[in-house]
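Asks: A predicted structure for the sequence below; I have some questions about it.
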Amino acid sequence: MEQPMENGEVENGNVLFSKDSMENDVPKEDRVIRKAKRLTKLSPRKDDPPVVNGNLPPVSVKNMRKSRMGLGRGLPKKGGAGGKGTWGAPGSELYETSETQDAHDPNYDSEKEEDIVVETVKPPIQENDLVQVVEPILKEYLECGDTEDVLSSLQEMNLGENAHKLPEMAVSLALDRKAHHRELTSILISDLYGNILSQDDVAKGFDQLLAGLTDLSLDAPDAPNVIGQFIARAVADDCLPPKYVASYKGKVDCPHARTALDKADVLLSMKHGIVRLDNVWGMGGGNRPVKYLIKKMVLLLKEYLSSGDIAEATRCLKELEVPHFNHELVYEATVMVIEDSSERAADMMVKLLKSLYETNIISIDQMKMGFKRIFENIADISIDVPSAYNLLDRFGTKLHAAGALPTSTYNEMPNRGRKRFVSEGDGGRIKEDPPLH
């Protein structure tokens with residue numbers, strides 16, 4: 001058995017000393033007195049007041065504005081507007097919006113970021129690439145005449161310092177075209193002015209045209225007069241200042257440029273010249289009255305029946321510049337065949353319509369529209385020409401055999417409204433219509 005040591009007890013092989021015995025063994029003067037430390041989360045900083053004799057500075061940690069995490073500069077949060085769960089700065093409710101900009105706010109909508117469109121500035125088009133980019137747009141405009149389409153296409157580009165090239169290119173394309181296209185070009189310059197072009201751009205464009213007029217005259221001998229008309233029209237449309245022509249007096253050595261400026265000066269100097277310049281290119285295309293166009297087409301067909309010249313009839317139809325109204329020619333030609341009631345007139349009209357159809361001067365839609373108008377009015381035509389149904393059927397058959405009348409339209413050919421029978425003794429045979437003479 002284990003014997004207990006002095007001032008101690010033995011338990012499970014371990015010697016246990018009581019607190020009293022330990023204190024009695026160490027003298028009081030040799031005891032180490034330790035004071036309890038109060039741990040804080042603050043770490044010492046350079047600007048913190050010194051700790052004297054283990055005491056904290058007069059300002060308590062509880063009331064300090066410094067972050068207890070050791071972060072920040074000790075300034076009030078949000079400029080004094082408070083933090084989470086506070087009312088915010090006084091008067092901040094006046095500036096509240098329906099959308100919050102704080103990504104940590106529960107009401108923040110992250111999908112709004114996807115709707116933000118970042119505008120990028122396109123590099124300006126180089127002068128070498130300008131013709132390749134802009135010329136197809138101008139050519140398409142001369143076919144359709146839609147200035148809004150041209151404007152939207154050009155606004156998507158960055159023309160930079162090459163904007164003055166637009167009037168120069170547009171007028172150059174119109175030199176070898178018809179008066180209708182020149183009118184469209186003048187309208188285009190007027191519509192682009194103020195949106196794409198400035199007055200200086202238009203003036204600089206015409207300066208370039210006058211400088212290169214000698215070369216333009218080689219391909220278009222009438223270029224000086226045409227350029228003069230363009231200048232006068234631009235002045236009338238307020239795209240050029242009235243002093244533009246006068247600024248060149250006595251400063252031009254090129255005879256072609258002098259001719260152009262003299263032409264513009266004459267047009268601007270005549271009585272009521274500004275008003276008359278609205279029709280400087282004449283009235284062409286669809287601007288003409290419908291009665292005038294019908295009269296011209298009837299005259300064209302009558303001259304063709306007399307001469308039989310298909311080329312001349314084609315030229316006259318092209319000069320009218322109304323491809324959307326060519327169905328009227330088909331209608332008038334068919335009516336003329338029915339009224340003439342002769343094989344010669346029918347054969348000649350078949351040759352003309354076949355030629356116009358094969359050269360795509362009269363489109364398939366215009367051909368269909370012309371015959372549908374005949375189908376709708378054949379009842380009225382038959383009042384004056386009783387055999388109109390039979391004559392129309394024979395003419396349509398010839399035209400279909402020549403390949404100028406679509407099958408779908410030919411199948412819609414109207415039948416005679418009433419069959420004429422002979423006496424019962426003839427067995428109910430249908431009485432034939434009189435032959436064409």
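Replies: Received it, and whenever you're ready, just let me know what you need.
Asks: In a strand, residue 170, correct?
Replies: No - counting by DSSP: H, G, I helix; E, B strand; the rest coil, residue 170 is not part of a strand but helix.
Asks: so who does it touch?
Replies: Applying CB atoms under 8 Å, 6 or more residues apart in numbering, we find residue 170 in contact with 138, 185, 188-189. All C-beta spots, glycine's among them, are computed from the backbone N, C-alpha and C.
Asks: And for residue 300?
Replies: Counting by CB under 8 Å, 6+ apart, residue 300 touches 313, 316-317, 329.
Asks: circling back: tabulate the contacts of residue 170 (TSV), appending distance to residue 291 and neighbour count.
Replies: Output for the contacts of residue 170, formatted as TSV (distance: CB to CB, whole Å; neighbours: other CB atoms under 10 Å):
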residue	distance to residue 291	neighbour count
138	33	20
185	28	24
188	29	24
189	32	25
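Asks: Tell me the one of these nearest residue 206?
Replies: Nearest to residue 206 among those, counting by CB to CB, is residue 189 at 9.8 Å.
Asks: Phi, psi for residue 239 please.
Replies: With angles defined as degrees, to the nearest 10, residue 239 sits at phi -90, psi -20.
Asks: Surely it and residue 199 touch.
Replies: Yes - the pair residue 239 / residue 199 is scored as a contact, 6.9 Å apart, by CB atoms under 8 Å.
Asks: and those two? which has more neighbours close in?
Replies: A side-by-side neighbour count of residue 239 and residue 199, using other CB atoms under 10 Å, places residue 239 first with 25 against 15.
Asks: how about the more buried one, what does it touch?
Replies: Contact analysis of residue 239 by CB under 8 Å, 6+ apart lists 189-190, 193, 197, 199, 202.
Asks: low pLDDT regions in the stretch 101-250 of the chain?
Replies: 101-122 (pLDDT under 70).
Asks: Helices along that one, start to end?
Replies: Using DSSP state H, counting those that start in this stretch, the helices assigned to the stretch 101-250 of the chain run over residues 127-144, 147-155, 165-174, 179-192, 199-211, 213-219, 223-236, 243-246.
Asks: between residue 239 and residue 199, what contacts are shared?
Replies: In the contact map built from CB under 8 Å, 6+ apart, the residues linked to both residue 239 and residue 199 are residue 193.
Asks: Just put the contacts of residue 300 in JSON lines and tack on secondary structure.
Replies: Listed next are the contacts of residue 300 as JSON lines, based on three-state DSSP:
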{"residue": "313", "secondary structure": "helix"}
{"residue": "316", "secondary structure": "helix"}
{"residue": "317", "secondary structure": "helix"}
{"residue": "329", "secondary structure": "helix"}
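Asks: helix or strand for residue 296, which one?
Replies: In this structure, residue 296 sits in helix 290-307 according to DSSP states H and E.
Asks: just to revisit the earlier point, please identify which of the contacts of residue 239 is nearest to residue 248.
Replies: Residue 248 lies nearest to residue 202 out of the contacts of residue 239, by CB to CB, at 15.0 Å.
Asks: so the closest one touches residue 234, yeah?
Replies: Yes - with contact defined as CB under 8 Å, residue 202 reaches residue 234; the gap is 6.2 Å.
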